[in-house]
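Asks: model this:
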Amino acid sequence: MLAASAAPGDGAGAEGGTGPKLALAVDATDAGGPVIDVTRLRVALARLSRRLRRHELAGLTPTQLAALATVDRSGPMRLGDLAAAEGIAPSTLTRLVTALEDSGYVRRWADPSDARASTLGITAHGQDALERIRTESTLALAASMQLLAPAQRAALADALPVLEQLADTSADSGAGQGGAKGR
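Replies: Purely as a prediction, here's the structure:
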């Protein structure tokens, strides 16, 4: 059950906004059950995601990293399919792919089934960079989690399957933005 509160947003930067906050009752049949402030959840997940993407390794922008991860996950793909998967315009895609190619992270070749199209594949150098970035992000998150109390870590462990389900549901329903999975 979704309910909008009368309170304005917290105004905390671009993520906070000033519109009504939404709260989601965990169990619609249990009106006295816990309530999750959806705005706070969204902001917390966005901030955590941004922090995990903040790194100097490999000189990749978040958009380049997302595209590289998509090519890694999907295997060789046509440029148009990458643009659709990432939700980016063809002109942006051209600059993005050129930067990834110039860095040696991807390789482009003519599509054998359509000479007008190109196929993009990740190189060993690109796979190595992705693995180092993933390792760095995982280690940073693990270090941050060490600052939590044991009860907080237990609560996070209990919430993990639910967060995974939310991520999968969003991806399946089209509610999510371009392929973040696996980064």
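Asks: what are the ranges of the helices in the protein?
Replies: 13-16, 38-53, 62-74, 79-86, 90-102, 124-145, 150-173 (DSSP state H).
Asks: mean confidence for the shortest one?
Replies: In this case it means helix 13-16. Averaging pLDDT along helix 13-16 gives 45.
Asks: picking that back up, between the helices of the chain, which one is nearest to Arg116?
Replies: Among the helices of the chain, helix 79-86 comes nearest to Arg116, with 10.5 Å by Cβ to Cβ. To be clear about C-beta, it is placed using only N, CA and C from the backbone, and glycine gets the same treatment.
Asks: helix 90-102 and that closest one, what's the angle between them?
Replies: Calculated by axes from the mean of the first three to the mean of the last three Cα atoms, to 10 degrees, helix 79-86 forms an angle of 100 degrees with helix 90-102.
Asks: then helix 79-86 to CSV, C-alphas only?
Replies: Extracted in CSV, the C-alpha atoms of helix 79-86 (Å, rounded to 0.1, in the frame of the first residue of the first chain):
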residue,chain,number,x,y,z
LEU,A,79,26.3,-0.8,-31.3
GLY,A,80,22.5,-0.1,-31.7
ASP,A,81,21.8,-2.9,-29.2
LEU,A,82,24.3,-1.3,-26.7
ALA,A,83,22.6,2.1,-27.2
ALA,A,84,19.2,0.6,-26.5
ALA,A,85,20.4,-1.3,-23.5
GLU,A,86,22.1,1.8,-22.0
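Asks: kind regards, and thank you for your time.
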